[in-house]
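[1] sharing a model prediction with you, sequence too.
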Amino acid sequence: MPSFLIPPIAILLSGLAAVAVLFAARMAGITPLAAAPASLAALLVFLVGLGFAGFLWWLASRCFTLLRDPATTPEQLSALRDLPLALPEGTVRALLALIVGVIGLPLLLFSQSLALNDAIAGYVNGIIAGVFGYYFGARSTGPEAQAARRLGEALEGQTRANQALRESEAAAREAAAQAAQPALASDAIARLEAQLNIARVLVQRLGPALPAGLIPPQAGGLIAQAEQALAAARTLPDLGALQAATAALTGRDGPLPALLRAAAPLLPAAVGGPLAGVALLLGLGWNLGAAAWRRFRARLLDAPHDPALFDPGAITPASAELRLAEAPIFARIFTPRLAEPGFLATLLDTCLRPDAPALLWARFPGFTSPAEAEAGLAEFRQALLEDRVQADLPPELIGRIAAGLGQPVTTPILPQDGPEEAKAALQALTLLLAELREARTDPVPLLREVAP
């Protein structure tokens, strides 16, 4: 026999034994019990109450055993905590209805034997009817009500879970923001320092040699503001102040954007705006090798001729003939002589010598004066240098730098003739690029931050 059936059967047998004793006493004609049916009924009610109390105790002990079981989950414990006496839902109501039925129905059936008057019998009948009517009425609507209640509890639990999830997500975002704050501040400090170094070079070192007005007068104040933001950031980084100082230096009134705008007329308008062509040109210059950089710098600065700029054999008679068309003075004088054997080689050798102006005037008639010979030589050398610089800028390099600046890929055109102020601005930017090359500072990320 299962162990959980032993206590209820023991209680039932005890009750039956007590009833059997009373019944035997009555059959034996024992007068006190026979003469006192009310006392007998009271004793039976008392015994029935004890039986139900024992049954409740047994049920409660089973629930307590469940609570002490290590296999019981926290969710089950939470569910039992909300139940009356930690018993399954409806157990208490069912026991109350059983007590009323077990005691009330015999009292009502044997009311005459117990000498109960009609009023007491009516009370008992009302109690039994009310309890049974409520119990079975509640049971008839119970599934819908329980389903609705459980649905509400599920929705409430889901709402609490969603709220907890939102709170945990907010806490995670806040923790991530706090963790990223030092990294953001460090990045902002590095960006501001780089822009500040450029501004100092342009304002303090190159500015005095530039025409008035090329660098905005408020550039000095922007430098002071940036220095204050950096000094304050060493004790307590203020991300907003650092970003504001960087935006001021890279904005319209910053020295670097001002020079980029001033030099823009020397180059055709690019797809990315007036500053795009100059920014692309500077980015290309930073990525050139040593020899290519010397030619590039000489081209932008209009520097005097340097034979070391041209590698031996890099300029052939064929390329010299093509460049001759870009030098008007030489084209007028030497085009009729191109058919002469060895003429282009002799001319090219003469033009690349240090004393080329005097040799041209002495060897090649047709110049009106030594000054015209020197001017024609300058045009021809400029055309030769232009050709070499264009050859130093392969398409793949152009595409990479344009992508770094966020611009469409365009073929750069080297600066042409223009206003003197634009030439001065481009020369200042070239000198700045030389400083950045020595410091190994890539200007492409700095130029990308400059506001158009």
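    The structure has been received and is ready for your questions.
[2] any regions of the stretch 251-400 of the chain where pLDDT drops low?
    Residue ranges of the stretch 251-400 of the chain with pLDDT under 70: 268-275, 311-314.
[3] and the helices in it?
    Assigned by DSSP state H, counting those that start in this stretch, the stretch 251-400 of the chain shows helices spanning 255-263, 276-286, 290-301, 317-324, 328-334, 343-351, 356-363, 370-391, 395-404.
[4] export these to TSV and tack on distance to residue 431 and mean neighbour count?
    To be clear about C-beta, it is placed using only N, CA and C from the backbone, and glycine gets the same treatment. Shown next, in TSV, are the helices of the stretch 251-400 of the chain (distance: least, Cβ to Cβ, whole Å; neighbours: other Cβ atoms under 10 Å):
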stretch	distance to residue 431	mean neighbour count
helix 255-263	11	24
helix 276-286	11	24
helix 290-301	8	18
helix 317-324	27	17
helix 328-334	30	18
helix 343-351	28	17
helix 356-363	28	16
helix 370-391	17	18
helix 395-404	20	16
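[5] turn those into CSV, including distance to residue 203.
    Putting those into CSV (distance: least, Cβ to Cβ, whole Å) gives the following:
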stretch, distance to residue 203
helix 255-263, 5
helix 276-286, 18
helix 290-301, 20
helix 317-324, 39
helix 328-334, 40
helix 343-351, 41
helix 356-363, 39
helix 370-391, 29
helix 395-404, 26
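[6] nearest to residue 430, out of those?
    helix 290-301 (4.4 Å; Cβ to Cβ).
[7] which elements pack onto that closest one?
    The contact analysis (3 or more Cβ pairs under 8 Å, 6 or more residues apart in numbering; DSSP states H and E) places helix 290-301 against helix 276-286, helix 370-391, helix 420-438.
[8] identify the residues contacting that helix?
    Contacts with helix 290-301, where a contact means Cβ atoms under 8 Å, 6 or more residues apart in numbering, come from 281, 284-285, 288, 303, 306, 308-309, 311, 385-386, 388-389, 392, 414-415, 426-427, 430-431, 433-434, 437.
[9] what's the angle between it and helix 420-438?
    160 degrees (axes from the mean of the first three to the mean of the last three Cα atoms, to 10 degrees).
[10] for helix 290-301, C-alpha coordinates in PDB please.
    Extracted C-alpha coordinates of helix 290-301, given in PDB (Å, rounded to 0.1, in the frame of the first residue of the first chain):
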ATOM      1  CA  ALA A 290      61.300  60.800 -51.700                       C
ATOM      2  CA  ALA A 291      62.300  61.500 -55.300                       C
ATOM      3  CA  ALA A 292      58.700  62.000 -56.400                       C
ATOM      4  CA  TRP A 293      58.100  64.300 -53.500                       C
ATOM      5  CA  ARG A 294      61.000  66.500 -54.500                       C
ATOM      6  CA  ARG A 295      59.600  66.900 -58.000                       C
ATOM      7  CA  PHE A 296      56.100  67.500 -56.600                       C
ATOM      8  CA  ARG A 297      57.300  70.100 -54.100                       C
ATOM      9  CA  ALA A 298      59.300  71.900 -56.800                       C
ATOM     10  CA  ARG A 299      56.300  72.000 -59.100                       C
ATOM     11  CA  LEU A 300      54.000  73.500 -56.500                       C
ATOM     12  CA  LEU A 301      56.600  76.000 -55.200                       C
END
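[11] what's the angle between that helix and helix 276-286?
    Using the same axes, to 10 degrees: helix 290-301 against helix 276-286 is 150 degrees.
[12] and helix 290-301 with helix 370-391, angle?
    Using the same axes, to 10 degrees, helix 290-301 lies at 130 degrees relative to helix 370-391.
[13] relative to residue 365, how far out is residue 248?
    Per Cβ to Cβ, to the nearest Å, residue 248 is found 62 Å from residue 365.
[14] no no, residue 440
    Taken as Cβ to Cβ, the span from residue 440 to residue 365 is 52 Å.
[15] the closest residue to residue 425 other than its chain neighbours: what's it in contact with?
    Using Cβ to Cβ, 6 or more residues apart in numbering and skipping the chain neighbours, the partner closest in space to residue 425 is residue 262 (3.6 Å). Contacts for residue 262 (Cβ under 8 Å, 6+ apart) come out as 214, 421-422, 424-425.
[16] ok, these vs residue 357, which is closest?
    Looking across the contacts of residue 262 and measuring by Cβ to Cβ, the closest to residue 357 is residue 424, at 26.7 Å.
[17] now, the most widely separated pair of the contacts of residue 262?
    Farthest apart among the contacts of residue 262 - using Cβ to Cβ - are 214 and 422, which lie 9.5 Å from each other.
[18] does residue 444 really touch residue 402, like I thought?
    No: the pair residue 444 / residue 402 is not scored as a contact, 10.0 Å apart, by Cβ atoms under 8 Å.
[19] list the buried ones in the strand or helix carrying residue 445?
    Using DSSP states H and E, residue 445 sits within helix 443-448. Buried positions in helix 443-448, judged by neighbour count with 16 or more other Cβ atoms under 10 Å: 443-444, 446-447.
[20] for that helix, which outside residues touch it?
    By Cβ under 8 Å, 6+ apart, helix 443-448 touches 194-195, 198, 256, 279, 282-283, 286, 401, 404-406, 433, 436.
[21] what subset of the contacts of residue 262 is buried?
    If we count by 16+ other Cβ under 10 Å, the contacts of residue 262 have these buried: 214, 421-422, 424-425.
[22] what is the nearest of those residues to residue 332?
    For the buried ones among the contacts of residue 262, the nearest to residue 332 is residue 422 (29.2 Å; Cβ to Cβ).
[23] any idea how far the closest one is from residue 213?
    13 Å.
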